[in-house]
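Trainee: Give me coordinates for this.
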Amino acid sequence: MRTSLNAPDPREDPLRLDHQLCFQFYAASNLIGRLYAPVLARLNLTYPQYLVMLVLWEEDAQSVGAIGKRLHLDTGTLTPLLKRMEALGHLSRQRDREDERRVRVSLTASGKALREEALHVPEIMTRGQDLEELDALRRTLAGVVEALCGGKAQA
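Mentor: As a prediction, the model looks like this:
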């Protein structure tokens with residue numbers, strides 16, 4: 001490997017991977033998905049499907065657009081995910097009667113029942129952690145998301 005005499009000190013190199021905030025978020029997101037995978041496998045859910053279910057367990061019968069807005073996903077990403085979840089029997093998708101362009105997503109009886117099975121997930125994922133520290137981190141990250149959305153993020 002060739003280095004220049006004018007090469008920056010590696011500890012101060014602005015292009016060093018470990019100095020990139022975006023990389024820390026990327027790595028954390030990937031690792032969180034991997035940690036959740038075995039727990040969610042028992043529910044036959046992927047991590048993105050779990051996030052959709054969380055949104056629908058909070059408020060059922062939402063539009064695809066509302067779910068996408070809450071999860072920061074575009075409809076092109078969300079629609080195939082919802083189709084797979086519909087095939088699993090967790091939800092149904094129907095055209096809105098008032099606006100044919102809008103698709104409403106509702107939980108099925110199976111999707112509603114799955115909530116009871118999922119109640120253990122947060123406890124498993126936080127076991128052994130300081131809950132106050134985790135809540136402080138969650139609030140900090142919510143602030144980052146809000147800032148990235150121009151102050152329009154949902155809590």
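
Trainee: I'd like the average pLDDT over the one helix or strand Phe23 maps to.
Mentor: Assigned by DSSP states H and E, Phe23 belongs to helix 21-41. For helix 21-41, mean pLDDT rounds to 95.

Trainee: Can you tell me the closest non-neighbouring residue to the spatially most central residue of the chain?
Mentor: The centre of the chain sits closest to Leu51, judged by CA atoms, centre = their mean, with a distance of 5.3 Å. With CB to CB, 6 or more residues apart in numbering as the criterion, Leu51 has its nearest non-adjacent residue at 5.6 Å, and that residue is Leu71. To be clear about C-beta, it is placed using only N, CA and C from the backbone, and glycine gets the same treatment.

Trainee: Next up, phi/psi of the one you found, please.
Mentor: Phi and psi for Leu71, reported as degrees, to the nearest 10, are phi -90, psi 0.

Trainee: Count residues in the vicinity of it, would you?
Mentor: Counted with other CB atoms under 10 Å, the neighbours of Leu71 add up to 17.

Trainee: mind listing what the spatially closest residue to Tyr50 that is not a sequence neighbour touches?
Mentor: Nearest residue to Tyr50 in three dimensions, chain neighbours excluded: Leu40, at 5.3 Å (CB to CB, 6+ apart). Contact analysis of Leu40 by CB atoms under 8 Å, 6 or more residues apart in numbering lists 46-47, 49-50, 121.
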